[in-house]
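*Asks:* Sequence plus predicted model, see below.
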Amino acid sequence: MAVILGIESSCDETSASVCVDGKILSNIIANQTIHAAYGGVVPELASRVHQQNIIPAVQQAIVNAKVSKNDIDAVAFTRGPGLLGSLLVGVSFAKSFALAKNLPLIEVNHMQAHVLAHFIGETKPKFPFLCLTVSGGHTQIVLVKNYFDMEIIGQTLDDAAGEALDKTSKILGLPYPGGPLIDKYARLGNADAYPFPEPNIPGFDFSFSGLKTSILYFIRDNVATDPQFLEKNMADICASVEKRVVTILLNKFRKAAEKYGITQLALAGGVSANTGLRQGLTDLCAQKGWESFIPKFEYCTDNAAMIAIAGYYKYLDKDFVGQDIAPLARMPF
Ligand code: KG4
Ligand code: ZN
């Protein structure tokens, strides 16, 4: 039996999970609400809140999984990429726990873990598949050849998709994180009300900064002539923005699948919680006769279950690291 404790602290979620023989038995996620007032994550505050949350989160994960601390065989942790101060809390905790219990340590790449969240549960994609990983910090099309053999074939040249949604929501006067709120308003609006531009970027790369600027000017000009413009049209604006972000993402994803001849398409990362994107991928795959893989909501945004499952596959390969390991704000695949 392999019991893996997973720890995630790369951004503003403190999370702990217990995985037994590839099954997730608990996944505790402590969200940090403190950032809402600042319109974005404040790194110093994030690391302080991680320090408060990490021990209760781990304790709860162990209790919920109905295991004992002494049953744990290895500790898997997010090494990067992420905010250095946030990562440091999870890495230090994982190292201390492993040292105290004489356990092996397993480093996990956060972006690979988002992809490997698809191996939680019954319906798993087969290699090779394509994964569109869309979060607050990243937008990547990943060719997944094996558990830890992944190639980024396209990525954003500027803002990430989640960042574009969060910045748009700030322009609209909505609190952080804006992605879920844009999703909520979009369900009530007309997605064809305002046709925002689609950038013309070669290959499988993305760009969202032009879209952000056009939304900014569009809002500025309309509010200048009608101060009530935002309140009156919030749902239509959100629906139109969401539609454009989704079409930018899925047009590239479809082209990549056609070029690589891949018929299994997966979504990962926080933005994969988006209703329009989930529906869009489902429709695309139905139309093409392809298979879509969409994670459960709790495994879309940052969570330690994905770290624990990635750790489980590394545990099977005895892929361990030493106590001298340090976090990496930037961590390539
Ligand atoms: O993967 P994640 O939890 O953290 C990072 O590693 O960045 O992704 C967070 C991002 C944020 O930009 C948030 O606005 C976005 O995911 N997000 C959503 C939704 N839920 C979270 N975007 C659109 N619709 C949602 N329902
Ligand atoms: Zn993430």
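*Replies:* Sure thing, it's come through. Ligands and ions are numbered 1, 2, ... in the order given.

*Asks:* For stretch 281-298, buried residues please.
*Replies:* Of the residues in stretch 281-298, those with enough neighbours to count as buried (16 or more other CB atoms under 10 Å) are 281, 284-285, 290, 292-295. For every residue, glycine as well, the C-beta is placed using N, CA and C.

*Asks:* just stretch 233-244 next, same as before
*Replies:* Here stretch 233-244 shows 233-244 as buried, counting by 16+ other CB under 10 Å.

*Asks:* Kindly report the same for stretch 314-328.
*Replies:* Applying a neighbour-count criterion of 16+ other CB under 10 Å, the buried positions in stretch 314-328 are 314-315, 320-321, 325, 327-328.

*Asks:* Residue 241 - nearest residue in space that isn't next to it in sequence?
*Replies:* Distance criterion CB to CB, 6 or more residues apart in numbering; nearest residue to residue 241, sequence neighbours excluded, is residue 168 at 5.4 Å.

*Asks:* of all the buried residues of stretch 233-244, which comes closest to ligand 2?
*Replies:* Taking CB to the ion as the measure, ligand 2 lies nearest residue 242 of those, at 19.6 Å.

*Asks:* how about the closest one, what does it touch?
*Replies:* When contacts are counted by CB atoms under 8 Å, 6 or more residues apart in numbering, residue 242 is found next to 165, 182-183, 186, 191, 274, 276.

*Asks:* Per-residue pLDDT of the most centrally placed residue in the chain, please?
*Replies:* The residue lying closest to the centre of the chain (CA atoms, centre = their mean) is residue 269, at 2.4 Å. Note on residue 269: pLDDT of 96.

*Asks:* Residue 300 is in contact with that one, correct?
*Replies:* Yes. Look at residue 269 against residue 300 with CB atoms under 8 Å: they come within range, at 6.8 Å.

*Asks:* Output the set of residues of the chain in proximity to ligand 2.
*Replies:* Along the chain, the residues adjacent to ligand 2 under the rule CB under 5 Å from the ion are 135, 302.

*Asks:* and stretch 308-325, average pLDDT?
*Replies:* 98.

*Asks:* In TSV: the buried residues of stretch 314-328, plus secondary structure.
*Replies:* Converted to TSV, the buried residues of stretch 314-328 look like this (DSSP: H, G, I helix; E, B strand; the rest coil):
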residue	secondary structure
314	helix
315	helix
320	coil
321	strand
325	coil
327	coil
328	coil
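
*Asks:* Just put these in a markdown table and tack on distance to residue 26.
*Replies:* Listed next are those as a markdown table, based on distance: CB to CB, whole Å:
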| residue | distance to residue 26 |
| --- | --- |
| 314 | 20 |
| 315 | 17 |
| 320 | 23 |
| 321 | 24 |
| 325 | 25 |
| 327 | 24 |
| 328 | 27 |
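
*Asks:* Out of those, which are close to ligand 1?
*Replies:* The overlap between the buried residues of stretch 314-328 and the neighbourhood of ligand 1 (criterion: CB under 6 Å from any ligand atom) is empty.

*Asks:* Let me see the domain layout of this protein.
*Replies:* By the record's domain assignment, the chain is partitioned as 3-115+300-316, 125-294 (automatic domain parsing).

*Asks:* Mean neighbour count, those: which tops it?
*Replies:* The densest packing among the domains of the chain, expressed as mean neighbour count by mean count of other CB atoms under 10 Å, is seen in domain 3-115+300-316 with a mean of 22.

*Asks:* I am finished for the moment; much appreciated.
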